[in-house]
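Participant: structure for the following, please:
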Amino acid sequence: MKGPYNWLNFNHDPEDLFLENQILMNDISNLLKAPAPARNIALDKHLVKDLTRVVHGSNLIESAGSNFDVTSKYCSKVFQGEPITEEITKVGVREVFQHARALSFIIDGIVIHEKPLTESIILETHKILTYKVDSAGGDKYTEYGGIYRTVHVGAGLTPFAAPENVPAEMRAMIAEYNRDINAADLAGHLDPYMLAAKYCHKFVNIHPFVDGNGRTCRLILNAILLAYAGVVVPLGETEFDREIYLSVACRASEAQQNWDPEDTEENEYQPAPWSELPYLVLMVANRSLKNTKTALT
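Facilitator: Below is the predicted model of the structure:
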């Protein structure tokens, strides 16, 4: 799939960044072809670090989780398959642990086992994410984890899907995702940044759960990116990065209110509501790919 990037609020031409990312991915691929056990160890360590940063940044966006040292401790254990022996009683630590487990689960399904994105994968990812974490509104985790909401929700002046429409909208989203994948297969090319951003945006603007939608949308985004671009993007790692991400997401949700997907004539002249997010993803991916190449050389 492809589509125009909305980069009015940024500085660099996305085509230049896209090309640079392609070159970086080729360089990384060539480095990994050469037999070097030390390089494989370096890659494993770097991936654990990147996944940890994904969890930490995503939690910071939602004012959840814990500091980076605590996040690193628990993420390292989860991503390296080490058991957690102590009882986790602090909410922030539990949020870190479950976030890492949810990320591990969705990557295992979509990336390692190459499963298609499905409702059941999303529901289970959310259930893992929210296990033993009650919602901000006081809902018990057993009442909302992996369960579509039955109440109306909104963010500011932005209303999300009515609860009775959530199941149908989720089915439609999954069907559209699979159509995009099939179309890309037929065309012989795919823009992974646009694909990941589109379905991150679509998911969070359905807002199917009572809580945890933001973190889940970024889990979906990073699983798609890792599957099709071999990279993850840690969003929201600093207050500055957090504000940029939230500004982009807010503008996208506002644009969604006036977007009619059936109005093909009008849509020829205006960017899709999600068209700014792929630029941000592309930009952060550029940093991540540079760091990966450095770690391997």
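Participant: state the three-state secondary structure for the residue in the chain sticking out farthest from the centre.
Facilitator: If you look at how far each residue of the chain sits from its centre, by C-alpha atoms, centre = their mean, the farthest one is residue 35, at 31.7 Å. Secondary structure, DSSP: H, G, I helix; E, B strand; the rest coil: residue 35 is coil.
Participant: any idea how far it lies from residue 295?
Facilitator: Distance, residue 35 to residue 295, using C-beta to C-beta, to the nearest Å: 18 Å. For every residue, glycine as well, the C-beta is placed using N, CA and C.
Participant: and if you look at residue 203?
Facilitator: 31 Å.
Participant: what's the nearest residue to residue 82 if we skip its chain neighbours?
Facilitator: The shortest distance from residue 82 to any non-neighbouring residue, by C-beta to C-beta, 6 or more residues apart in numbering, is to residue 76 (7.5 Å).
Participant: what pLDDT does the one you found get?
Facilitator: Note for residue 76: predicted pLDDT of 97.
Participant: what are the buried residues along the helix or strand encompassing it?
Facilitator: Residue 76 belongs to helix 68-79 when assigned by DSSP states H and E. Under the neighbour-count criterion of 16 or more other C-beta atoms under 10 Å, helix 68-79 has 68, 70, 71, 72, 74, 75, 76, 77, 78, 79 buried.
Participant: cool, stretch 138-154 as well?
Facilitator: 139, 141, 144, 145, 146, 147, 148, 149, 153.
Participant: for the record, mean pLDDT for it?
Facilitator: 96.
Participant: now do stretch 198-208
Facilitator: Mean per-residue pLDDT for stretch 198-208: 98.
Participant: with stretch 82-102 instead?
Facilitator: Across stretch 82-102, pLDDT averages out at 96.
Participant: next one: stretch 119-127
Facilitator: On average, stretch 119-127 scores 99.
Participant: so how far is it from its chain's centroid?
Facilitator: 14 Å (C-alpha atoms, centre = their mean, to the nearest Å).
Participant: then stretch 150-166?
Facilitator: The answer for stretch 150-166 is 21 Å, by C-alpha atoms, centre = their mean.
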